[in-house]
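A.B. asks: Take this sequence and fold it.
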Amino acid sequence: MKPPMGAAFGAVLTLTLAFGSLAAAQEAKPYTAVASTTPQAQFNFRVTLIPVPGRVQQVTASLKLDPLRPQDVTGTVQVALKTLMTGIKLRDEHARNYLKAGQFPLATFRVGKLSGITALPVGQEVSGKVSGEFTLAGVTRALSAPVTLRREASGRIIVATQFDIPLREYGVQIRGADKNTDVQLMFAVTAK
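C.D. replies: Below you'll find the model as predicted:
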């Protein structure tokens with residue numbers, strides 16, 4: 001029996017961006033994810049009212065960003081579905097099969113636009129909207145979501161977003177699953 005994962009894929013995306021001095025930045029620079037030994041993505045979904053927590057170890061990011069003009073950010077964030085784990089091997093295998101991870105090993109968000117944020121004051125949260133394209137199971141759809149950024153005194157920028165993705169729109173059919181799956185991603189990127 002294949003356990004269901006959820007009819008909609010909700011995502012909370014938390015990125016930790018590590019920068020050098022933001023004041024010294026004059027143009028967009030490439031940033032990539034820093035390797036981590038802790039799970040970088042965590043999720044919770046329900047199958048017939050039973051909560052199923054899980055995690056994904058491999059999250060990568062490649063962004064082009066000018067910290068003085070955050071609204072111009074572009075790039076991609078990718079989650080390696082082959083590293084999805086729920087704590088039960090058979091359930092992990094079923095989840096990967098539902099998501100077609102063998103054929104499409106990555107879930108990808110391609111950042112297209114960040115609106116409503118024109119400055120990143122130290123110690124303050126600023127809110128806006130991130131838009132782009134999300135690809136899952138070989139299907140790409142437009143995605144827009146609220147986003148919050150907070151610049152720390154160290155130069156790190158913490159980015160958080162949350163959005164729902166209906167799995168059926170991506171060709172993922174799971175019987176008995178709740179509509180929403182909450183996902184939290186956390187990783188750091190540094191200048192190349």
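A.B. asks: would you list every one of the helices in this protein?
C.D. replies: 89-98 (DSSP state H).
A.B. asks: mind showing which ranges of it have poor pLDDT?
C.D. replies: For the chain, the stretches flagged by pLDDT under 70 are 1-27, 29, 31-40, 44, 46, 155, 178-192.
A.B. asks: Quick one: residues contacting T135.
C.D. replies: By CB atoms under 8 Å, 6 or more residues apart in numbering, T135 lies in contact with 104, 106-110, 141. In this view, the C-beta of every residue, glycine as well, is placed from N, C-alpha and C.
A.B. asks: And it, how close does it get to H94?
C.D. replies: From T135 across to H94, the span is 22 Å (CB to CB, to the nearest Å).
A.B. asks: Also P146?
C.D. replies: Separation of P146 from H94 (CB to CB): 32 Å.
A.B. asks: Settle it for me: which of the two has more neighbours?
C.D. replies: Taking neighbours as other CB atoms under 10 Å, P146 and H94 compare with H94 leading, 18 against 13.
A.B. asks: out of the contacts of T135, which are buried?
C.D. replies: 104, 107-109 (16 or more other CB atoms under 10 Å).
A.B. asks: Tell me the one of these nearest L84?
C.D. replies: Ranked by distance to L84 (CB to CB), these are led by A107 at 9.7 Å.
A.B. asks: Pull the contacting residues for the closest one.
C.D. replies: Neighbour list for A107: 78-79, 81, 99, 134-136 [criterion: CB under 8 Å, 6+ apart].
A.B. asks: change it to 7 Å
C.D. replies: Contact analysis of A107 by CB atoms under 7 Å, 6 or more residues apart in numbering lists 79, 81, 135-136.
A.B. asks: hey, what's it bridged with?
C.D. replies: Beta-bridge partners recorded for A107 (DSSP bridges): V79.
A.B. asks: How much space separates it from K82?
C.D. replies: If you go by CB to CB, the gap between A107 and K82 works out to 11 Å.
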